[in-house]
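1. Build me a model:
(one chain, ligands or ions: 2)
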Amino acid sequence: MSQERWDAVDAYVEERLIEPDPALEAALAASAEAGLPPIALTPSHAKLLHLIARVHGARTILEIGTLGGYSTIWLARALPPGGRLVSLELRPDYAEVADANVARAGVAGLIEIIVGPAIDSLRGLVAAGAGPFDLVFIDADKESTPEYFEQALALTRPGSVIVTDNVVRDGMLADAATGDPRALGMRRFHELLAGGAVDGHRVSATTIQTVGAKGYDGFTLALVES
Ligand code: DHB
Ligand code: MG
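-> Ligands and ions are numbered 1, 2, ... in the order given. Here you go, the predicted model:
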């Protein structure tokens, strides 16, 4: 099985199951134009996240890692009337691109983008008593994923769902000898989840490996039980 085959299947699925959306396409074009790295979710993954939000009935969503706002728009479109989305972005220049993209998509009124190191923003949200968020999507620098998860957990309630992107990284997740800092971040993340108890909460999680236009990777879905 090859990247070519994975690309072909993603294209096949997109043509049939993902409705063309000018605002989402414009968001990707504007992100590329501004020189953002081409690491947004694929349409099929973004739609999965959108569907998870809808199946879950999420009214409040926290995203860690805005990039150009592509997943942000997909998530915002899953919200019911009165829903809210907070998205955290390290870089002011990326946040500016995302601001324009979410405005073009007509969802700016639902979204607050907070600029700065996510760990500081998360601590600020915890200190301010923000949340609880029904759904959290973690997709920022991979090295800090365990710390982001712990802070996010403090902003959830029993029944909240936390989805984390890029946990498998070409299978490096299972390589005990890896020196890759991102893979090490994801291995620490899995150690944190092992045993089902995190910082006094019960958390039930699984990790799914994926292939597609972005290669071989995977995501973790975690349910906050208590
Ligand atoms: C990278 C980051 C991502 O969030 C992703 O989905 C793929 C790649 C990266 O930093 O390389
Ligand atoms: Mg990602």
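
2. Counting neighbours, what do you get for the residue of the chain found nearest ligand 1?
-> Nearest residue of the chain to ligand 1: I39, at 4.0 Å (CB to the nearest ligand atom). From N, CA and C alone the C-beta is placed, and that goes for glycine too. As a burial measure, I39 scores 14 neighbours (other CB atoms under 10 Å).

3. what's the answer for the one 10 residues further on, then?
-> Around L49 sit 22 other residues, with neighbours defined as other CB under 10 Å.

4. again with E89
-> Neighbour tally, E89, other CB under 10 Å: 28.

5. Isn't it up against A95?
-> Yes. Using CB atoms under 8 Å, E89 is in contact with A95, at 4.4 Å.

6. re earlier: on the three-state scheme, the residue of the chain closest to ligand 1 is what?
-> coil (DSSP: H, G, I helix; E, B strand; the rest coil).

7. Quick check: it touching Y70?
-> No. At 9.8 Å, I39 does not count as touching Y70 under the criterion of CB under 8 Å.

8. what about the strands in this structure?
-> 60-64, 84-89, 111-115, 135-138, 161-165, 197-198, 201-212, 215-224 (DSSP state E).

9. As a markdown table, these with distance to ligand 1 would be great.
-> Formatted as a markdown table, those follow (distance: least, CB to the nearest ligand atom, whole Å):
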| stretch | distance to ligand 1 |
| --- | --- |
| strand 60-64 | 11 |
| strand 84-89 | 13 |
| strand 111-115 | 17 |
| strand 135-138 | 10 |
| strand 161-165 | 5 |
| strand 197-198 | 22 |
| strand 201-212 | 11 |
| strand 215-224 | 7 |
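
10. Would you format those strands as CSV with mean pLDDT included?
-> Converted to CSV, these look like this (pLDDT from 0 to 100):
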stretch, mean pLDDT
strand 60-64, 99
strand 84-89, 99
strand 111-115, 98
strand 135-138, 99
strand 161-165, 99
strand 197-198, 98
strand 201-212, 98
strand 215-224, 99
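
11. out of those strands, which comes closest to G171?
-> Among these, the nearest to G171 by CB to CB is strand 215-224 (6.6 Å).
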